[in-house]
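Asks: Fold the following, please.
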Amino acid sequence: MSRSKALQYYIFVRLLLAPLMLWTIVTIVFLLLRATPGDPADAILGGRAPESAKEELRQQLGLSDPIWLQYLHYLGALLRLDLGTSLTSRGQPVWQDIQAYFPATVELAVFSLAIAFIVGVTLGIISASRPGTILDAGGRLFGIITYSLPLFWVGMILQLIFSVQLNWFPLGTRFPTTLSAPKLVTGLYTVDSLLSGNLSQFLMALYYLALPSLTLGILLSGIFERIVRVNLKQTLKADYVEAARARGVPELRITLAHALKNALIPVITVLGLLLASLLGGAVLTEVTFSWPGLGNRLYDAISLRDYPTVQGIMVFFAVIVVFASIAIDIINAYIDPRIRY
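Replies: Numbering: from 1, shown residues only. I've put the predicted structure just below:
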């Protein structure tokens with residue numbers, strides 16, 4: 001089989017498996033929601049509401065139907081790209097919730113991942129290029145500590161220090177309520193403020209974004225540091241690297257121009273999957289920092305037993321993760337032909 005046909009077959013198989021993966025996720029979420037304790041009627045009407053009113057509401061919402069019938073109705077709605085209507089947002093379609101809250105999640109995820117990539121790759125290069133030194137040991141220690149620390153605990157500690165005690169950073173919002181937010185174009189405050197040419201709004205958006213994105217970015221950077229350090233150490237021992245040294249090529253050029261490119265192949269995979277997971281599940285970060293993103297909205301919907309909202313957001317997250325993983329696989333297949341076989 002030729003390389004082009006092998007790649008086409010690989011892409012075809014990955015795309016063919018995508019609907020199956022999405023159907024599996026959708027089914028699991030549907031069943032788990034109905035297996036968890038709690039009743040949406042209690043969440044909406046309150047525990048003291050008459051049972052007759054609760055039963056009437058269940059019938060209106062279709063919750064009194066057999067579970068297989070609810071499942072079929074749900075799949076039919078999904079095929080029409082209908083994610084349903086929120087039970088707790090005054091009848092607002094779930095799509096509107098996603099449109100309102102998702103930009104905040106995207107902004108936090110992109111800035112956090114940029115910080116994680118820059119810090120992690122830089123420390124990985126420094127550690128790998130100085131094997132056996134204190135810099136190498138420090139890089140290993142940094143990777144272990146940042147990987148093992150729980151995000152919610154670090155987030156609360158940093159908020160207590162930098163927001164409560166030192167008053168350096170704000171708490172629990174995306175933009176000051178006393179100022180007008182940037183005019184919405186993309187929903188990303190940093191981008192929208194630049195599009196409108198308002199530098200003060202841009203700096204304010206960065207200020208409010210700084211603590212949560214730095215916290216999440218530093219904790220994720222350990223993943224990149226460990227991957228880059230291990231792969232770069234192996235690459236620096238390769239024959240073509242030794243040949244470059246024999247030709248008198250400077251060590252810095254060897255590391256950055258020759259070895260780093262090959263060492264970054266696994267980083268591309270991690271980068272894409274981390275971005276997908278951040279976009280699709282930054283619940284802990286957003287809840288810890290009271291960041292008004294889609295993860296925080298999901299947490300509220302779970303607390304209120306808002307089935308349509310939880311299901312809709314989870315399906316939206318699942319689509320992001322599945323197709324991001326497919327895109328990363330295809331990119332890696334182009335970069336590394338061994339993946340196709």
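Asks: Quick check: the gap between the closest residue to I25 other than its chain neighbours and W23.
Replies: Of all residues not flanking I25 in the chain, A318 sits nearest, at 4.3 Å (Cβ to Cβ, 6 or more residues apart in numbering). From N, CA and C alone the C-beta is placed, and that goes for glycine too. Applying Cβ to Cβ, to the nearest Å, the value for A318 to W23 is 10 Å.
Asks: and if you look at M156?
Replies: M156 sits 38 Å away from W23, going by Cβ to Cβ.
Asks: what do you get for I144?
Replies: 39 Å.
Asks: count of residues packed around L151?
Replies: When counting by other Cβ atoms under 10 Å, one arrives at 16 neighbours for L151.
Asks: Counting neighbours, what do you get for T269?
Replies: 17.
Asks: ugh, typo on my part, it should be D300
Replies: Number of residues near D300 (other Cβ under 10 Å) recorded here: 14.
Asks: Over to the one 10 residues further on?
Replies: By other Cβ under 10 Å, 27 other residues sit near V310.
Asks: Spit out the contact partners of the residue nearest to I25.
Replies: 21-22, 25-26, 29, 280 (Cβ atoms under 8 Å, 6 or more residues apart in numbering).
Asks: which one among those gets closest to I118?
Replies: G280 (22.5 Å; Cβ to Cβ).
Asks: follow-up on the earlier one: looking at the contacts of A318, state which has the most neighbours.
Replies: G280 (23 neighbours).
Asks: For that residue, give me the pLDDT.
Replies: At G280, the predicted lDDT confidence score is 55.
Asks: Look up how far A210 lies from the nearest residue to L275 once chain neighbours are set aside.
Replies: Spatial nearest neighbour of L275, excluding adjacent residues (Cβ to Cβ, 6+ apart): L113 at 5.4 Å. Separation of L113 from A210 (Cβ to Cβ): 15 Å.
Asks: try F142
Replies: Applying Cβ to Cβ to F142 and A210 gives a distance of 21 Å.
Asks: go on, S148?
Replies: For S148, the distance to A210 - Cβ to Cβ - is 24 Å.
Asks: and these two? which has more neighbours close in?
Replies: A210 (16 against 9).
Asks: That one contacts W168, correct?
Replies: No: look at A210 against W168 with Cβ atoms under 8 Å: they stay out of range, at 9.0 Å.
Asks: Next secondary structure after the helix or strand encompassing T190?
Replies: Per DSSP states H and E: T190 is located in helix 189-195. Scanning forward in sequence from helix 189-195 by DSSP H and E, the next helix or strand is helix 199-235.
Asks: Which parts of the helix or strand following that following helix count as buried, going by neighbours?
Replies: Where DSSP H and E defines the elements, the next helix or strand beyond helix 199-235 is helix 239-246. The neighbour-count check on helix 239-246 (16 or more other Cβ atoms under 10 Å) flags 241, 244 as buried.
Asks: try stretch 85-95
Replies: By neighbour count on 16+ other Cβ under 10 Å, the buried set for stretch 85-95 is 85-89, 93-95.
Asks: Format the residues you listed as a markdown table; extra columns: distance to V241, secondary structure and pLDDT.
Replies: Below are these laid out as a markdown table (distance: Cβ to Cβ, whole Å; DSSP: H, G, I helix; E, B strand; the rest coil; pLDDT from 0 to 100):
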| residue | distance to V241 | secondary structure | pLDDT |
| --- | --- | --- | --- |
| T85 | 60 | strand | 82 |
| S86 | 57 | coil | 82 |
| L87 | 60 | coil | 76 |
| T88 | 59 | coil | 74 |
| S89 | 58 | coil | 72 |
| P93 | 56 | strand | 87 |
| V94 | 53 | helix | 88 |
| W95 | 52 | helix | 89 |
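Asks: about what we covered before: can you name the residues that contact the residue nearest to L275?
Replies: 217, 220, 271, 274-275, 278 are the contacts of L113 under Cβ under 8 Å, 6+ apart.
Asks: Can I have the buried ones of the residues you listed as a PyMOL selection?
Replies: To isolate the buried members of the contacts of L113 in PyMOL, using 16+ other Cβ under 10 Å:
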select buried, resi 217+220+271+274+275+278
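Asks: Looking at the contacts of L113, which is nearest P250?
Replies: Distances from P250 to the contacts of L113, taken by Cβ to Cβ, are shortest for L271, at 27.9 Å.
Asks: And the closest one, how far from V191?
Replies: The value you get for L271 to V191, if Cβ to Cβ is used, is 21 Å.
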